[in-house]
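Engineer: Sequence first, then the predicted structure:
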Amino acid sequence: MMGVVLGTSTFPSPLVGEGGSARSAETDEGCWKKRDLSRRALRAGSLQGCAPSSTPHPSPSATPSPTRGEGKIYRAFATLCFALFFLLLPALAAHAEMNIQEVTSKKGVTAWLVEDHSIPLVAVRFVFDGGTAQDPAGKEGLVNLMTGLFDEGAGGLDSEAFQSKLDDAGAEMSFQAARDGTYGSMRMLSDQKDEAFGLLKLAVNSPRFDQAPIDRIRAQVLSGILANERDPNTVAQQRWLRAIYGQHPYARPDEGNKEGLATITAADLRAFHKANFARGGLRVAVVGDIDAATLSGKLDEVFGDLPDKQALAPVGDVTPKLGQQLEVNYDLPQTSLQLAWPGVKRSDPDFYAAVLMNEILGGSTFTSRLYEEVREKRGLAYGVSSDLVDHEHSNALLVTTATRSDRAAETLLIVRQVVKEMAEKGPTAEELAATKKYMIGAYAINNLDSSSSIAATLVELQLDNLGIDYIKRRAALIDAVTLEDVKAEARKLLSADPAVMVIGPPLVQIAGGGKG
């Protein structure tokens with residue numbers, strides 16, 4: 001079984017690094033809890049907390065008792081991290097200046113390649129347009145289930161034989177379903193690349209979808225769904241998605257539901273594979289010990305025989321329904337808070353201003369305004385963050401935190417006050433200068449620290465149509481943003497009445513502030 005989601009709604013795919021947590025597991029202009037300019041990391045997710053994952057999202061357990069001053073420990077840790085960063089900077093700078101080649105095969109398959117012959121490894125990353133938003137009505141969970149079956153038999157190899165061949169080749173292969181894309185990746189030893197690429201060709205072109213693996217993987221997904229029906233946070237997140245997105249496909253959990261899973265057949269899986277796996281919706285990146293001529297042949301071997309065009313269902317854009325407060329009441333010692341404001345498209349001219357503003361507001365782990373007011377000054381929570389969430393068909397700015405239930409109303413009030421002040425006054429010149437410096441300097445360590453992360457980043461750059469020279473241009477794009485640009489973007493995004501979700505006991509009235 002691969003990167004199939006086992007019964008938990010995947011979380012947002014916020015913009016990495018430029019002020020958001022990352023998207024799905026390995027991508028980076030979008031990767032989970034990394035940082036930079038991008039949109040989808042595995043584009044998993046929706047307007048939820050934060051983390052596409054193949055395991056259920058944990059519910060809060062122990063009651064937090066943060067105290068003022070503990071931040072000194074965290075700041076010391078942050079200082080250590082920065083020191084390590086500067087020690088690594090020369091090597092990372094070399095990655096930032098890497099040579100990205102565009103390789104086009106004889107059959108017209110294009111990939112971005114970074115050659116690195118220092119280590120005998122090759123990392124491949126690719127994505128097809130169309131993810132879980134393509135699940136047909138009544139068959140929710142189809143795409144997620146499909147991604148769990150590519151290593152469960154392909155071509156003439158059944159599940160056991162295929163996985164044995166993977167082991168023999170020393171290769172790792174995975175597929176993941178996200179909201180707007182179906183991702184695949186492979187890591188291999190360069191001296192066994194012929195065997196590895198041969199297996200990838202079988203998985204991409206000829207998955208078997210045998211009934212026994214279908215039933216087994218379906219049962220695992222169903223088990224996760226049933227477990228999450230007893231998890232307050234998962235139940236609440238699903239209500240949040242319905243409240244925010246209404247009837248749009250983004251309102252559905254990626255893993256589907258019990259009823260939809262039960263109806264999915266091998267014929268359904270084959271039909272979607274045929275519609276989705278086509279060269280017209282494909283982006284590929286390869287990093288490692290392979291040259292352009294060899295890669296050209298491998299691209300045709302793996303992808304060259306796929307259909308020219310995809311046959312996907314249209315998915316409309318959706319504006320999140322803000323200006324509402326959803327309380328999901330459970331008797332918990334800890335209350336979780338989520339607030340959503342309007343976001344910004346990756347293609348918007350004001351994108352960099354929004355990213356810088358968000359980083360100052362709550363994107364930075366230890367130095368943001370929200371962290372200072374909520375944790376440092378008042379000890380209300382261990383952590384608080386803001387993220388820009390950008391999907392193909394919707395976007396938002398999301399603030400999340402968790403606190404003691406008897407302090408939840410106070411915490412909510414403080415969060416809204418901090419956001420209001422940012423909307424009215426914007427950041428200071430000093431905050432903007434420091435944030436620019438960090439975001440320019442941290443890009444390599446967040447996005448280019450391994451062959452897999454480089455490949456993931458290059459795929460996201462292609463998805464966002466940023467150009468093969470984007471990494472070289474990025475610092476200038478950030479530096480060009482003015483203080484007035486950021487103030488204007490803060491007013492535009494943060495002046496709206498947000499959507500709010502409270503998970504925990506009913507909010508307690510606070511003097512002079514209502515329920516926050």
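Structural biologist: Perfect, thanks for sending it.

Engineer: Any idea how many residues pack against Leu299?
Structural biologist: By the criterion of other CB atoms under 10 Å, Leu299 has 27 neighbours. Backbone N, C-alpha and C define where each C-beta goes, glycine included.

Engineer: Could you check how far it is from Phe162?
Structural biologist: As defined by CB to CB, to the nearest Å, Leu299 lies at a distance of 22 Å from Phe162.

Engineer: Pull out the buried positions in the helix or strand containing Lys436.
Structural biologist: Lys436 is part of helix 429-447, with elements assigned from DSSP states H and E. Neighbour-count burial for helix 429-447, counted by 16 or more other CB atoms under 10 Å, picks out 431-432, 434-436, 438-447.

Engineer: What ranges does this protein have for its strands?
Structural biologist: Assigned by DSSP state E, the strands in the chain fall at 101-104, 110-115, 121-129, 153-154, 157-158, 172-177, 181-189, 282-288, 325-329, 334-342, 384-390, 395-404, 499-504.

Engineer: got a list of contacts for the first one?
Structural biologist: Strand 101-104 has contacts (CB atoms under 8 Å, 6 or more residues apart in numbering) with Thr110, Ala111, Trp112, Leu113, Val114, Glu115, Val286, Ala292, Leu295, Ser296, Leu299, Ile468.

Engineer: and with 7 Å instead?
Structural biologist: Outside of strand 101-104, the residues within contact range by CB atoms under 7 Å, 6 or more residues apart in numbering are Thr110, Ala111, Trp112, Leu113, Ala292, Leu295, Ser296, Ile468.

Engineer: Repeat that for the fourth one.
Structural biologist: Counting by CB under 7 Å, 6+ apart, strand 153-154 makes contact with Ser159, Phe162, Leu202, Ala203, Ser206, Pro207, Arg208, Asp210, Pro213, all of which sit outside it.

Engineer: And the residues you listed, which is closest to Gln462?
Structural biologist: Nearest to Gln462 among these is Ala203, at 21.3 Å by CB to CB.

Engineer: And the closest one, what's its pLDDT?
Structural biologist: For Ala203, the pLDDT comes out at 98.

Engineer: and the gap between it and Leu142?
Structural biologist: Ala203 is 18 Å from Leu142, by CB to CB.

Engineer: Please apply the same query to Val287.
Structural biologist: 31 Å.

Engineer: between those two, which one's more packed in?
Structural biologist: Taking other CB under 10 Å, Val287 and Leu142 do not tie; Val287 has more neighbours (28 against 23).

Engineer: in the sheet, who's paired with that one?
Structural biologist: Val114, Ala123 (DSSP bridges).

Engineer: Might you list the low-confidence residue ranges for this protein?
Structural biologist: Residues of the chain that meet the criterion pLDDT under 70 lie in 1-97, 509-516.

Engineer: try 90
Structural biologist: By pLDDT under 90, the weakly predicted segments of the chain are 1-98, 364-367, 444-447, 449, 507-516.

Engineer: can you give me the helices in the stretch 201-350 of the chain?
Structural biologist: Using DSSP state H, counting those that start in this stretch, the helices assigned to the stretch 201-350 of the chain run over residues 211-228, 232-245, 258-263, 266-276, 292-303.

Engineer: about what we covered before: tabulate the strands of the chain (CSV), appending distance to His273.
Structural biologist: Below are the strands of the chain laid out as CSV (distance: least, CB to CB, whole Å):
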stretch, distance to His273
strand 101-104, 25
strand 110-115, 21
strand 121-129, 10
strand 153-154, 11
strand 157-158, 17
strand 172-177, 11
strand 181-189, 9
strand 282-288, 14
strand 325-329, 37
strand 334-342, 34
strand 384-390, 27
strand 395-404, 29
strand 499-504, 36
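
Engineer: Single out the most deeply packed of these.
Structural biologist: For those, average neighbour numbers computed from mean count of other CB atoms under 10 Å are highest in strand 384-390, which has a mean of 28.

Engineer: and that strand with strand 334-342, angle?
Structural biologist: Interaxial angle of strand 384-390 relative to strand 334-342 (axes from the mean of the first three to the mean of the last three CA atoms, to 10 degrees): 40 degrees.

Engineer: how about the nearest residue to Asp289 once chain neighbours are set aside, what does it touch?
Structural biologist: Nearest residue to Asp289 in three dimensions, chain neighbours excluded: Ser190, at 3.8 Å (CB to CB, 6 or more residues apart in numbering). By CB under 7 Å, 6+ apart, the contact list for Ser190 reads Pro120, Leu121, Val122, Gly288, Asp289, Ile290.

Engineer: For the residue nearest to the second one when sequence neighbours are not counted, which residues are in contact?
Structural biologist: So the one you mean is Leu121. The shortest distance from Leu121 to any non-neighbouring residue, by CB to CB, 6+ apart, is to Gly288 (5.0 Å). Gly288 makes contact with Asp116, Leu121, Val122, Ala123, Ser190, Ser451 under the criterion CB under 7 Å, 6+ apart.

Engineer: try it again with 10 Å
Structural biologist: 113-124, 187-190, 193, 295, 451-452, 454-455 (CB atoms under 10 Å, 6 or more residues apart in numbering).
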